[in-house]
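Asks: Here is a sequence together with a model predicted from it:
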Amino acid sequence: MSRDITPDLHKIQLYLTEAHPCSYLADKQATTAFVDPKHPLDTETYSHLSTMGFRRSGQYIYAPRCASCKSCIPVRVPVEGFKPTRSQKRCLKRNADISAHIEPNIDLDEHYALYQKYIDTRHSDGDMYPATLTQYRDFIGKPWECTRFIEFRLGEKLIACAVSDWLDDGLSAIYTYYDPELSVRSLGTLAILRQIELAQEQGLDHLYLGYWIRDSAKMTYKSKFRPGELYIENRWLRI
């Protein structure tokens, strides 16, 4: 099934998946709309779609289109007004010994080993378990032109990576994986804070964090970066 997105993007077709079990809410069925993967997308169009609540996963640009549920709400952080909480300031101080570098390409073997450890330890109950090299390549290892890898290292050791897309109006946090043995460092929080800093340094307006679900414990962390904006009824609302 396909349909046009909007009059402004009328040449792009959306395709709807069949209903399938939701990954976040038990006993819910999910339907996903995704942009025709054969349609060429430049960064400008991708950026426009992001302002409309779309998200990238691997080669696909998608958005939830569930018939009876509106729980997945796009969320972004307006970086100019961001102020870290006390907990977030402690996270930055605790990780002052970690270096962060932006890379356009990565050492696949080094990164896959970290990704595999992360998925198999932290997400063994999810649909990404068990991790495979093919899965990693399809999901993360084939970067788009606008994609950058933010490597976090303790000395020479890779301990975390934030995959981020550079859009026209902000950064889009695609995925973060890190060493689960260093959970006391809150590396996921550190990755978001660093991306907020990068957006500020680049003069960009937002950090897109994907979808927030009120009733999903896995999504709670996204509400801790304030101020935030939610995409509701085709407009961004400040919270």
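Replies: Noted; the coordinates are in hand. The structure presented is a predicted model; accordingly, all values stated were derived computationally and were not measured.
Asks: now the residue most central in space within the chain, nearest residue through space, not along the chain?
Replies: Centre of the chain computed as the mean C-alpha position; nearest residue by C-alpha atoms, centre = their mean is Ile174, 2.8 Å away. Ranked by C-beta to C-beta, 6 or more residues apart in numbering and with sequence neighbours excluded, the top spatial neighbour of Ile174 is Val163, at 4.3 Å. Yep, even glycine has a C-beta here, placed from its N, CA and C like the rest.
Asks: Can you give me the distance of the one you found to Tyr175?
Replies: To Tyr175, Val163 is 5 Å away according to C-beta to C-beta, to the nearest Å.
Asks: what ranges of this structure fall below the confidence cut-off?
Replies: Scanning the chain for pLDDT under 70 picks out 1-9, 126.
Asks: domain parsing for it?
Replies: In the assignment given by automatic domain parsing, the structural domains of the chain cover 2-74, 76-210.
Asks: ok, back up a step: got a list of contacts for the one helix or strand the residue nearest to Ile174 maps to?
Replies: With elements taken from DSSP states H and E, the one containing Val163 is strand 157-166. The set of residues external to strand 157-166 that reach it, using C-beta atoms under 8 Å, 6 or more residues apart in numbering, is 43, 46, 56, 98, 106, 110-111, 114-115, 140, 143-144, 146-153, 171-179, 182, 187, 190-192, 194-195, 198, 202.
Asks: same thing with stretch 216-229?
Replies: With C-beta under 8 Å, 6+ apart as the test, stretch 216-229 has contacts from 24-25, 71, 75-78, 81-83, 85, 87-88, 188-189, 192, 196, 206-207, 209-213, 236-239.
Asks: and the end-to-end length of it?
Replies: Between the start and the finish of stretch 216-229 there is a gap of 18 Å, counting by C-alpha to C-alpha, to the nearest Å.
Asks: List the buried residues for it?
Replies: Judged by neighbour count (16 or more other C-beta atoms under 10 Å), stretch 216-229 contains these buried residues: Ser216, Met219, Lys222, Phe225, Gly228, Glu229.
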